[in-house]
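Asker: The following comprises the amino acid sequence and a computationally predicted model.
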Amino acid sequence: MEQTFLEFWMKEAMGIVSDYFIFATSAFVLFYIILKRPMWFRKVQKKLPKVTDYGRDIMYSMISVGIFATVALLVFFYAGEWSNNYNDISKYGWTYYVFSIVCMFFIHDTYFYWMHRAMHHPTLFKHVHLVHHKSTNPSPWTAYAFHPLEGFLEAMIIPILAFSIPIHRETMGMFFLFQIIYNVYGHLGFELYPKGFHKTWIGRWVNTSVAHNLHHDKFDGNYSLYFLFWDRWMGTLRTEYDETFEKVTRRDAPASQVLNAPFSRK
């Protein structure tokens with residue numbers, strides 16, 4: 001029995017909502033409540049967001065979920081027969097199956113960098129990107145907190161992928177699950193990579209929670225999503241990134257440092 005457009009939309013929306021809430025809520029409970037004290041030295045900004053920040057981020061995230069589900073509906077339900085999606089792995093083989101996943105992240109990272117950087121133009125920023133930057137000290141709930149116009153631009157990665165390279169429907173699902181997880185990590189406010197990671201031959205090209213937190217705090221530079229290729233190549237990696245990463249991953253914070261409550265209104 002074929003799905004109606006409403007059933008398809010509900011399935012997509014509930015899938016995104018579930019993944020978003022599972023990972024954002026788990027990250028919040030784990031790092032902002034259970035492990036807050038032992039992990040506090042890894043908190044990038046030594047303060048917690050206000051309760052109003054959490055509420056605003058969750059509200060806009062729900063709007064973004066609806067936008068993503070709608071774009072997915074238009075692409076896969078109405079235009080699916082013209083897309084490059086396929087269901088039989090043997091059509092391209094397992095090597096391409098794995099390669100396509102890697103390729104999707106590089107395509108998304110490139111699109112995100114230039115789209116994100118364009119949104120920081122003064123004209124676009126105040127009308128499109130300002131909502132996301134109201135969270136100057138982001139939390140896991142900030143991951144999808146977009147103005148509707150930005151939500152639409154973010155969701156455009158769906159048709160870009162669907163109409164560019166052949167993509168198996170399973171890899172598309174894995175891609176979106178991972179991008180939610182990495183978005184939550186990027187806005188977590190705590191750095192999880194080990195000390196010295198940013199100097200390794202792999203780590204210097206990987207985007208980190210420190211890098212994206214600096215972007216929210218300073219409002220420019222560090223425009224990347226998964227990698228730091230474009231930021232390094234375009235000279236937009238913030239100069240204090242290395243120093244901040246080293247400071248955040250050192251266990252030398254004073255033991256007497258006062259920690260705010262999880263839902264501080266300060």
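Answerer: Noted; the coordinates are in hand.

Asker: Where do the strands of the stretch 151-266 of the chain begin and end?
Answerer: Using DSSP state E, counting those that start in this stretch, the strands found in the stretch 151-266 of the chain span residues 167-168.

Asker: Residue 191 against residue 42, yeah?
Answerer: Yes - the criterion here is CB atoms under 8 Å, and residue 191 meets it with residue 42 at 4.9 Å. All C-beta spots, glycine's among them, are computed from the backbone N, C-alpha and C.

Asker: Out of these two, name the residue with the larger neighbour count.
Answerer: residue 191 (25 against 22; other CB atoms under 10 Å).

Asker: check contacts around that one.
Answerer: Counting by CB atoms under 8 Å, 6 or more residues apart in numbering, residue 191 makes contact with 42, 44, 208, 209, 210, 245, 248, 249.

Asker: Next, show the common contact partners of residue 191 and residue 42.
Answerer: Common contact partners of residue 191 and residue 42 (CB under 8 Å, 6+ apart): 248, 249.

Asker: and the gap between residue 14 and residue 122?
Answerer: Distance, residue 14 to residue 122, using CB to CB, to the nearest Å: 38 Å.

Asker: Just want to know which of the two has more residues nearby.
Answerer: Neighbour totals were compared for residue 14 and residue 122, and residue 14 leads with 12 against 7 (other CB under 10 Å).

Asker: I'd guess that one is in a strand, am I close?
Answerer: No - going by DSSP: H, G, I helix; E, B strand; the rest coil, the assignment for residue 14 is helix, not a strand.

Asker: Let me know the pLDDT of it.
Answerer: Per-residue pLDDT puts residue 14 at 79.

Asker: what do you get for residue 255?
Answerer: pLDDT recorded at residue 255 is 42.

Asker: and what of residue 83?
Answerer: At residue 83, the pLDDT value in this model is 80.

Asker: do residue 70 as well
Answerer: Looking at residue 70, the pLDDT reads 86.
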